[in-house]
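Engineer: Return atomic coordinates for the entry below.
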Amino acid sequence: MISNNFWYAVATLTGTIIGVGMFGLPFVASRAGFFILCAYLAVFAAIFVALHLMFGEIILRTKERHRMTGYAGIYLGAGAKRFFALTALVGLSGGMLVYILVGGAFFQEATYGIFGSVYANQFIFWAIMSAVLALGLRMVKELELAMFALMIGIIVFLFFMSVPHLDAHNLAGFDPSKIFLPYGVVLFALAGGAAIPAMRDMLEGKEHAMKRAIITGTLIPVCLYALFTIAILGVSGAATSENALSGLHGALGESAVFLGAVLGVALVATSYLVFGLYLRDTLRYDMGISDKMALACALLVPFVLLFFQWRSFIEIIGFLGALLGGIDGIFLIMIYRRARKQGNRQPEYTLCISNMALYALMCIFAAGIAYITLFDGTI
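Structural biologist: Below is the predicted model of the structure:
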């Protein structure tokens, strides 16, 4: 029998994965080609199922409760812990910044601009999310299942609204010069490791269900991404915008854009909350910062970053996905290899992944890091 906690855990992972990255997928598909994006989604769906399961096994092999930074210290040493702490803090803070930037824009669209400029809406979005974040995991747990149902409902509804307006020619384009464009965006869109420690907390006493919950929670977003991309790209074609919604005004009308904006707020909110909790807990569990100071940092750092000038969110998530996502992937694999030998707890599941396959994954991530660095974020 599947318990409610199982679906809370699935919803937490799905809600963390599906966020801002989803809205970038139709745009990169319109530039590189729909089937190129599908190939990326298929390959990286398999990779991220493996990565998320590795992280789950690391957690289950370790008696102590940590986040990835803490596990890096246990299994790779103090130097690795400090380096990973820096990249984790930059990645989490950068991700939360993107959520505020895009969440504010969606909030403005969903409220028909009654609160004024996009900057005012970004502040309101941050303030609401900070209030919820301060309430902790229990509040997030209750919100996740409701958001999970809402996001599936709206994506499916948007898909069926778009069907009469789909043009198959919009899905047939291909530009070889843009073949690497989706890489960082897809990595950003599929990463959900921040949710897995919370999943373990939700399934405490029933950790045997973690493997199935991780697989389910990772694959649901891939299916929804495909539906969403078909709906947006099939209608908008070359006019697909970075936020995916602007191109729908003419074909589907204001109601569809409103629904899309509500979906955007819901998706960004769930991811923001889980990232915020993960940042707070990284500071608290892995870096020894007091509870109040860790929470204050999780609330205020993304807000302070708002005052800097930023490029388009596609460039930001592409960079974060390729560079920091690649670093996270390499560290995770290194930690996993050590945990298999040095873990101090018998895990509820184990994976059968050869060292050759692990080295191949590390090479993929290293190549992505090299490319994004050499080409100044224009992957």
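Engineer: How is residue 288 assigned, secondary-structure-wise?
Structural biologist: Taking DSSP: H, G, I helix; E, B strand; the rest coil as the rule, one finds residue 288 in the coil state.
Engineer: Low-confidence bits of the stretch 201-350 of the chain, can you list those?
Structural biologist: Applying pLDDT under 70 to the stretch 201-350 of the chain picks out residues 243-253, 309-311.
Engineer: The stretch 51-200 of the chain too?
Structural biologist: Looking at the stretch 51-200 of the chain by pLDDT under 70, you get 136-145.
Engineer: now the strands for it?
Structural biologist: Using DSSP state E, counting those that start in this stretch, no strands are found in the stretch 51-200 of the chain.
Engineer: quick one: the helices in the stretch 201-350 of the chain?
Structural biologist: Ranges of helices within the stretch 201-350 of the chain are 210-236, 249-281, 291-305, 313-319, 325-342, based on DSSP state H, counting those that start in this stretch.
Engineer: Now residue 293: closest residue in space that isn't a chain neighbour?
Structural biologist: Among residues not flanking residue 293 along the chain, residue 283 sits closest, at 7.5 Å (Cβ to Cβ, 6 or more residues apart in numbering). Where you see a C-beta, it was placed from the backbone N, CA and C, and this is true even at glycine.
Engineer: May I see the helices of the stretch 201-350 of the chain organised as CSV, with distance to residue 161 added?
Structural biologist: Listed next are these as CSV, based on distance: least, Cβ to Cβ, whole Å:
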stretch, distance to residue 161
helix 210-236, 8
helix 249-281, 6
helix 291-305, 33
helix 313-319, 25
helix 325-342, 32
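Engineer: Is it possible to get JSON lines of the ones you listed that adds mean neighbour count and distance to residue 39?
Structural biologist: Formatted as JSON lines, the helices of the stretch 201-350 of the chain follow (neighbours: other Cβ atoms under 10 Å; distance: least, Cβ to Cβ, whole Å):
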{"stretch": "helix 210-236", "mean neighbour count": "22", "distance to residue 39": "12"}
{"stretch": "helix 249-281", "mean neighbour count": "22", "distance to residue 39": "24"}
{"stretch": "helix 291-305", "mean neighbour count": "17", "distance to residue 39": "33"}
{"stretch": "helix 313-319", "mean neighbour count": "23", "distance to residue 39": "17"}
{"stretch": "helix 325-342", "mean neighbour count": "20", "distance to residue 39": "18"}
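Engineer: Surely residue 371 is in contact with residue 323?
Structural biologist: No. Judged on Cβ atoms under 8 Å, residue 371 makes no contact with residue 323 at a distance of 9.8 Å.
Engineer: got the contact list for the residue nearest to residue 293?
Structural biologist: Residues in contact with residue 283 (Cβ atoms under 8 Å, 6 or more residues apart in numbering) are 289, 293-294, 297-298.
Engineer: Closest one of those residues to residue 127?
Structural biologist: residue 298 (14.1 Å; Cβ to Cβ).
Engineer: gap between that closest one and residue 92?
Structural biologist: 8 Å (Cβ to Cβ, to the nearest Å).
Engineer: ok, the contacts of residue 283 vs residue 51, which is closest?
Structural biologist: Among those, and counting by Cβ to Cβ, the member closest to residue 51 is residue 298, at 23.8 Å.
Engineer: what's that closest one in contact with, if anything?
Structural biologist: The contact partners of residue 298, by Cβ under 8 Å, 6+ apart, come to 133, 276-277, 279-280, 283.
Engineer: what about residue 120, how many neighbours?
Structural biologist: A total of 14 residues lie near residue 120 under the criterion other Cβ atoms under 10 Å.
Engineer: The one 3 residues further on too?
Structural biologist: Applying the criterion other Cβ under 10 Å, we find 17 residues in the vicinity of residue 123.
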